[in-house]
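In: sequence and computational prediction follow.
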Amino acid sequence: MSSADFSVSKRRVFRDELIGLYGVVERNLYLTKRYFLWDLAFLLWTIANTLTIVFISRGVDISAAQRNELATKLLVGGVIWAFLGIIFEIVTETVAWERWEGTIEYTFMAPVSRPVHLIGMGVYAVLYGLVRAAAIFVAVVAFIGIHLPHANYGAAVALLAIASISFIGVGMMTAVLPLISPEKGTQLGFVAQGLMLVVSGVYYPVSVLPSWMQWIAKISPATYALRGNRDQILHGAGLRFSDVWPLLVIGALSIPIGLLVFRAGERYAKQHGKLKRSG
Amino acid sequence: MSEQAVVVRDLEKVFTRRKGLQRRRRSALKGVSFEIERGECVAILGQNGSGKSTLVRLLSTLLLPDGGTAEIFGYDVFKEARAVRRLVNRVSVEASFFKKMSASENLSYAARFYGMTPRQTSAQIPEILGRVGFPPDRRGEAMENLSRGMQQKVALARALLTSPVLLLLDEPTTGLDPRSKQEVQSFVREIRARHDSTILLCTHDMKEAEELADRIGLLDKGELLFLETAAEVKARFGVETIEEAFFAATGRSYEDERTEEDEEREVFA
Ligand SMILES: Nc1ncnc2c1ncn2[C@@H]1O[C@H](COP(=O)(O)OP(=O)(O)OP(=O)(O)O)[C@@H](O)[C@H]1O
Ligand SMILES: [Mg+2]
């Protein structure tokens, strides 16, 4: 009998990877559909949370115009906080949710490549995050009555999408943690979110921070997203190169680093039997 | 010479467990070697903790070994994992699905990772569900509403949907009622008859092993004590049943399951 030939062409591999990517997005849509009411409840919580921050502007003794500007700055901070939170959450679920359902072994033994799998999760996270961020924005603006006559929404969404490349990269690094600690790993995603935003000037200008934190702010993608979005919403600024290039550089570094970190974590998990042990 | 589907050489796996400050090493596989020919069905018997699932996970690229090699159709399982993954699929004790999603949705998700398009899955899923004896009209129901037996059929369908040339079955019938067990077993027979697949079946059930497999292996505390036809096993030990062969090979009776705790207690006794 001749030896079997199971090799496949490069083209076939590429096609299969695209289908795999589609499959990840499709599965997330199924889950969003199934958990729609829960997601809605969580959205309400986020809106309430954002309101608690934006209302701070109402209690400050300044002119009406200044108050409107402060409310807008706080709102942009709150919306980006929520956006980043949802991205980290969804990317972290790559492992956490499948571990919980028990499907992780089937997913990890499938021939799709891990980068494609993770990028699929990232793509969905960004799409879902943008829709959600828009809903929070609209709800809070309507509720508090903020005036935004100059806002450049197109540029704001575009900048957020560019910043998301870096966010996904950082998300991949935290996504691996549930592989190493199934119980507590997910929570470190929140730690990453909080640390990134505290240095990036989420509700205040970066200039109020101690100088060592300002230095870290320079390498945080959220800094450029917050700065750019504030100018876009308040003053109608366009997509500025000075915001875009740092985001592209950070994104170009964080995605490969994220993939490497994830790969190392996956190796560790396979070495030590952390994927699953029962059966 | 006939073609080898699986070639395993001196495969070793050690797990370390932390107990307080101590680290305890436990050898799950202690240098296991065997081959499976293409088209063959091999059953591996073994008690709890003997290393069956560890072996299956190593061959599924879900664990990395601490020694030894494994090849599947000539591909190195640990160095050419991508190529191996296209050829292998697996059914294990737990069905493992997204509980809120339906059978159809779960199967589509799994199949996309093997390059199956929506057009292919929408045609093949009802067909394959019908073949495993799952009522196709229930394929839109959430998995959590299905019985264990039903879920296990969906798990079989998931494995078959991707047309694996090597099928790893890790206790596929454990915990099923007699009727579901029968159905799963007769389906395994059907796969053998209709498809070009090689099967590695890990099981607790001696009768199942004897009925379904060409050769029977015994894994005991991480060591493969033998792997040959039922007749050869019986002849070697001069006994009538596989159960007696187990006793002859290990000095223990098969029912006498010892838990890990028992063994550990023994160490301190
Ligand atoms: N991921 C893991 N981490 C630590 N120890 C493990 C892991 N997986 C298996 N072991 C240990 O390795 C040994 C073999 O386990 P394995 O699951 O392979 O046995 P098994 O034959 O499948 O048992 P069962 O019949 O109970 O399914 C056991 O002592 C088990 O505790
Ligand atoms: Mg097992």
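Out: Received the coordinates, thanks. Ligands and ions are numbered 1, 2, ... in the order given.
In: who are the contact partners of A:Gly189?
Out: A:88-89, A:92, A:171, A:174-175, A:177 (C-beta atoms under 8 Å, 6 or more residues apart in numbering or on different chains). Quick note: C-beta positions are derived from backbone N, CA and C, even for glycine.
In: in helices, which of the residues you listed fall?
Out: Of these, the ones assigned to helices by DSSP state H are A:88-89, A:92, A:171, A:174-175, A:177.
In: from those, which two are the most distant?
Out: A:Glu89 and A:Leu177 (12.8 Å; C-beta to C-beta).
In: ok, so of the ones in helices among the contacts of A:Gly189, who is nearest ligand 1?
Out: A:Leu177 (17.8 Å; C-beta to the nearest ligand atom).
In: now that closest one. Nearest residue, chain neighbours left out?
Out: Counting by C-beta to C-beta, 6 or more residues apart in numbering or on different chains, A:Leu177 lies nearest to A:Gly185, which is 3.5 Å off, once chain neighbours are set aside.
In: is it true that the one you found lies in a helix?
Out: No - counting by DSSP: H, G, I helix; E, B strand; the rest coil, A:Gly185 falls outside a helix, being coil.
In: what pLDDT does it get?
Out: pLDDT, A:Gly185: 75.
In: correct me, but it touches A:Ala192?
Out: No - using C-beta atoms under 8 Å, A:Gly185 makes no contact with A:Ala192, being 11.6 Å away.
In: rebuild the contacts of A:Gly189 as CSV, extending it with pLDDT and neighbour count.
Out: As requested, those are exported to CSV (pLDDT from 0 to 100; neighbours: other C-beta atoms under 10 Å in any protein chain shown):
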residue, pLDDT, neighbour count
A:Phe88, 90, 26
A:Glu89, 89, 21
A:Thr92, 86, 26
A:Gly171, 92, 28
A:Thr174, 89, 25
A:Ala175, 89, 28
A:Leu177, 87, 22
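In: list the buried residues for stretch B:240-260?
Out: Within stretch B:240-260, the residues scored as buried using 16 or more other C-beta atoms under 10 Å in any protein chain shown are B:241-242, B:244-247, B:249-250, B:254.
In: out of those residues, who's near ligand 1?
Out: Contacts with ligand 1 are made by none of those, judged by C-beta under 6 Å from any ligand atom.
In: what is the nearest of those to chain A?
Out: Set against chain A, the nearest of the buried residues of stretch B:240-260 by C-beta to the nearest C-beta is B:Tyr254 (20.0 Å).
In: how close does the spatially most central residue of chain A get to B:Tyr114?
Out: Central residue of chain A (C-alpha atoms, centre = their mean): A:Ile87, 2.5 Å from the mean position. Applying C-beta to C-beta, to the nearest Å, the value for A:Ile87 to B:Tyr114 is 28 Å.
In: what's the distance between the nearest residue to B:Ser60 once chain neighbours are set aside and B:Leu87?
Out: Nearest residue to B:Ser60, sequence neighbours excluded (C-beta to C-beta, 6+ apart): A:Met109, at 4.6 Å. To B:Leu87, A:Met109 is 11 Å away according to C-beta to C-beta.
In: list the contacts for the nearest residue to A:Thr103 once chain neighbours are set aside?
Out: Leaving aside its chain neighbours, A:Thr103 sits nearest to B:Ser96 (5.2 Å; criterion: C-beta to C-beta, 6+ apart). B:Ser96 makes contacts with A:101-103, A:105-106, B:155, as judged by C-beta under 8 Å, 6+ apart.
In: and the furthest pair within the buried residues of stretch B:240-260?
Out: B:Thr241 and B:Thr250 (14.4 Å).
In: neighbours of A:Thr94, how many?
Out: Close neighbours of A:Thr94, defined as other C-beta atoms under 10 Å in any protein chain shown, add up to 26.
In: so what's it up against?
Out: A:117-118, A:121, A:175.
In: and those residues as CSV, adding distance to chain B and secondary structure?
Out: Shown next, in CSV, are those (distance: C-beta to the nearest C-beta, whole Å; DSSP: H, G, I helix; E, B strand; the rest coil):
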residue, distance to chain B, secondary structure
A:His117, 8, helix
A:Leu118, 13, helix
A:Met121, 13, helix
A:Ala175, 17, helix
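In: out of these, which comes closest to ligand 1?
Out: Of the contacts of A:Thr94, the one sitting nearest to ligand 1 (C-beta to the nearest ligand atom) turns out to be A:Ala175, at 20.3 Å.
In: show me the contacts for that closest one.
Out: A:91-95, A:118, A:121, A:189, A:262.
In: lowest average confidence, helix or strand, in chain B?
Out: Ranking every helix and strand in chain B by mean pLDDT, DSSP states H and E puts helix B:260-268 at the bottom, with a mean of 50.
In: whichever residue of chain B sits closest to ligand 2: which element?
Out: Of all residues in chain B, B:Ser53 sits closest to ligand 2, at 3.1 Å by C-beta to the ion. Using DSSP states H and E, B:Ser53 sits within helix B:52-59.
In: so what secondary structure elements neighbour that helix?
Out: strand B:4-19, strand B:22-37, strand B:67-72, strand B:166-170, strand B:198-203 (3 or more C-beta pairs under 8 Å, 6 or more residues apart in numbering or on different chains; DSSP states H and E).
In: roughly how far out does the second one sit from the chain middle?
Out: Here strand B:22-37 is found 16 Å from its chain centre; the criterion is C-alpha atoms, centre = their mean, to the nearest Å.
In: what's the following helix or strand after that strand?
Out: strand B:41-45.
In: got the angle between that next one and strand B:4-19?
Out: Using axes from the mean of the first three to the mean of the last three C-alpha atoms, to 10 degrees, the inter-axis angle of strand B:41-45 relative to strand B:4-19 is 20 degrees.
In: outside of strand B:41-45, which residues touch it?
Out: Residues outside strand B:41-45 that contact it (C-beta under 8 Å, 6+ apart): B:34, B:36, B:52, B:55, B:188, B:192, B:198-204, B:206, B:208-210, B:212-219, B:224, B:227, B:242, B:246.
In: report the buried residues of the helix or strand hosting A:Ala65.
Out: Secondary structure from DSSP H and E places A:Ala65 in helix A:64-101. By 16+ other C-beta under 10 Å, the buried positions in helix A:64-101 come out as A:67-99, A:101.
In: residue 32: what's it in contact with?
Out: Just going to use chain A. Counted by C-beta under 8 Å, 6+ apart, A:Thr32 has contacts A:39, A:128.
In: let me rephrase: I mean chain B.
Out: B:8, B:10-12, B:51, B:55, B:68, B:219, B:222-224.
In: around ligand 1, which positions in chain B sit nearby?
Out: Proximity of chain B to ligand 1, by C-beta under 6 Å from any ligand atom, involves residues B:15, B:17, B:26, B:28, B:46, B:48-54, B:260.
In: and the residue of the stretch 1-150 of chain B nearest chain A?
Out: Closest point on the stretch 1-150 of chain B to chain A, by C-beta to the nearest C-beta, is B:Arg112, at 2.4 Å.
In: what is the burial count for that residue?
Out: When neighbours are counted by other C-beta under 10 Å, B:Arg112 registers 27.
In: these two touch, right, it and A:Glu17?
Out: No - in this structure, B:Arg112 is not within contact of A:Glu17 by C-beta under 8 Å, at 10.5 Å.
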